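Asker: Structure for this input, please:
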Amino acid sequence: MGCLMKTDFFWICPKDVKDQSWLFYEIKEGKLVKNSFCQSMSCPRCGKFDELSALISIDDLSISVNATADWCLSGDGVILVSSRIKHMIISEFLDECNFIDHSALGDYSICIPANSFAVDAATSEMEFHRQCKACGRYRETCGFPVVSKDLTANIAMPTTFFENVRGRVFFYACSKKFKAALLKAKARGIYFDSVVMRSET
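Answerer: Next up, the predicted model:
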């Protein structure tokens, strides 16, 4: 199996994804609820829905940002960053991501990785639990990010995603420089974990 070695890259991990949901919600009678569009495309059994596909229709949606963090990650891997962090990234000339602005997102922008690479489920040691019998999506996905040695040449690409037929999980990896800039800016709602590499021996 080989041993695990740390690299010079870091996973950006949201502290609480559940409480930082930001898509397809509206305030009704003082409560945060799923809007009608979200309800119509949600699985009746587990309640999960495809956020990435729905983003195609963003101009037709009623979208609310329910977040206090500077870095928010949705269940389908869509990243929102606050305007404060966005301007910091631009001012520091960091080229690891780009941004999409939309009036519906208020003080936030969608963060798009500049590049990406894929790692299969076996390499990443992903575990999928509690598959919904109705839609096939997984209620819990546990990730143990491991990068194979033959991918080290591409590890600078910031987003790694692990995918199978029914489930997809995203991790955002950044350089030391990117991490240092986020720490300097005191970005709220995230922590960092080391990206590890599996050696041949």
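Asker: Buried residues, the helix or strand that contains I85. List them.
Answerer: Assigned by DSSP states H and E, I85 belongs to helix 83-91. Neighbour-count burial for helix 83-91 flags 85-86, 88-89 (criterion: 16 or more other Cβ atoms under 10 Å). From N, CA and C alone the C-beta is placed, and that goes for glycine too.
Asker: Can you name the two of these that sit furthest apart?
Answerer: Greatest spacing in these, by Cβ to Cβ: K86 and M88 (7.2 Å).
Asker: can you list contacts of the helix holding I85?
Answerer: Identification of contacts with helix 83-91 by Cβ atoms under 8 Å, 6 or more residues apart in numbering yields 70-71, 81, 97, 99, 107-109, 111, 181-182, 185, 187.
Asker: Describe which strands the helix or strand following that helix pairs with in its sheet and in which direction.
Answerer: Next helix or strand after helix 83-91 toward the C-terminus (DSSP H and E): strand 97-100. Sheet pairing of strand 97-100 (DSSP bridges) gives strand 108-113 (antiparallel).
Asker: so the strand it pairs with versus helix 83-91, what angle?
Answerer: Orientation of strand 108-113 against helix 83-91 (axes from the mean of the first three to the mean of the last three Cα atoms, to 10 degrees) gives an angle of 40 degrees.
Asker: and strand 108-113, which residues are buried?
Answerer: Using 16+ other Cβ under 10 Å as the test for burial, strand 108-113 gives 108-111, 113.
Asker: Show me which of those residues has the smallest pLDDT value.
Answerer: Among these, P113 carries the weakest pLDDT, at 70.
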